[in-house]
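In: Task: produce atomic coordinates for the following.
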Amino acid sequence: MAAREFSVEFRSAVAQRILNGEKTLTLSRELKIKRSVLYRWRDAYRQGGQEGFKKKLGRPLGTGAKPLSKDAAAGAATERRVAELERRLGRLAMENDFLEKAFKRVKEARSKNNASGEARCTEK
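Out: Coordinates of the predicted model:
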């Protein structure tokens, strides 16, 4: 299915309707245009009026992602490793806090059980 093309005047008129308070859902159904497209038109119109529609959006044709240089790749790998270690450190800190509280509760429970001073038998 070929993409539909709309004139600058049409897009301006739709953007003005949105800015005048019409619901994008209603316009989307009426015009059979995705709401995300209508929001892009509205934003482009807000930024530059009809001139805002003349700017091409998205990535320029024929350009792909450029490979990272060795230094940039090493830096990205280092950042990922640091983030992983920070997450691990956070988990270990939470476990440590949990265990400290648990040991404190066990110690308090033992001291309450032995408060009378009598020897307790551990055999059953």
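In: Show me where this structure has its helices.
Out: Residue ranges of the helices in the chain, as given by DSSP state H, are 8-19, 24-31, 35-48, 70-113.
In: among the ones you listed, which is nearest Lys54?
Out: Minimum separation from Lys54 across the helices of the chain (Cβ to Cβ) falls at helix 8-19, 7.2 Å. (Each C-beta comes from the backbone N, C-alpha and C, glycine too.)
In: by contact count, what packs against the lowest-mean-pLDDT helix or strand in the chain?
Out: Here the helix or strand of the chain ranked lowest by mean pLDDT, DSSP states H and E is helix 70-113, holding a mean of 87. In terms of contacts (3 or more Cβ pairs under 8 Å, 6 or more residues apart in numbering; DSSP states H and E), helix 70-113 is packed against no helix or strand at all.
In: How far away from the center of its chain is that helix?
Out: Offset of helix 70-113 from its chain centre (Cα atoms, centre = their mean, to the nearest Å): 24 Å.
In: now the helices of the chain as a markdown table including distance to Lys54 and mean neighbour count?
Out: A markdown table is the format used below for those (distance: least, Cβ to Cβ, whole Å; neighbours: other Cβ atoms under 10 Å):
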| stretch | distance to Lys54 | mean neighbour count |
| --- | --- | --- |
| helix 8-19 | 7 | 16 |
| helix 24-31 | 21 | 14 |
| helix 35-48 | 8 | 16 |
| helix 70-113 | 34 | 10 |
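In: For Thr26, see how far away the residue nearest the centre of the chain is.
Out: Nearest residue to the geometric centre of the chain (Cα atoms, centre = their mean): Ala83, 16.3 Å. From Ala83 over to Thr26 the distance is 44 Å, taken as Cβ to Cβ, to the nearest Å.
In: now swap in Ser12 and tell me
Out: 18 Å.
In: Also Met94?
Out: Distance from Met94 to Thr26, by Cβ to Cβ: 49 Å.
In: Looking at Arg59 now. What's its pLDDT?
Out: For Arg59, the model assigns a pLDDT of 61.
In: ok, now Tyr39?
Out: At Tyr39, pLDDT is 92.
In: so what's the closest residue to it other than its chain neighbours up against?
Out: Distances taken as Cβ to Cβ, 6 or more residues apart in numbering place Thr24 nearest to Tyr39, at 6.6 Å, with adjacent residues excluded. Neighbouring residues of Thr24 by Cβ atoms under 8 Å, 6 or more residues apart in numbering: Ile18, Arg35, Leu38, Tyr39, Arg42.
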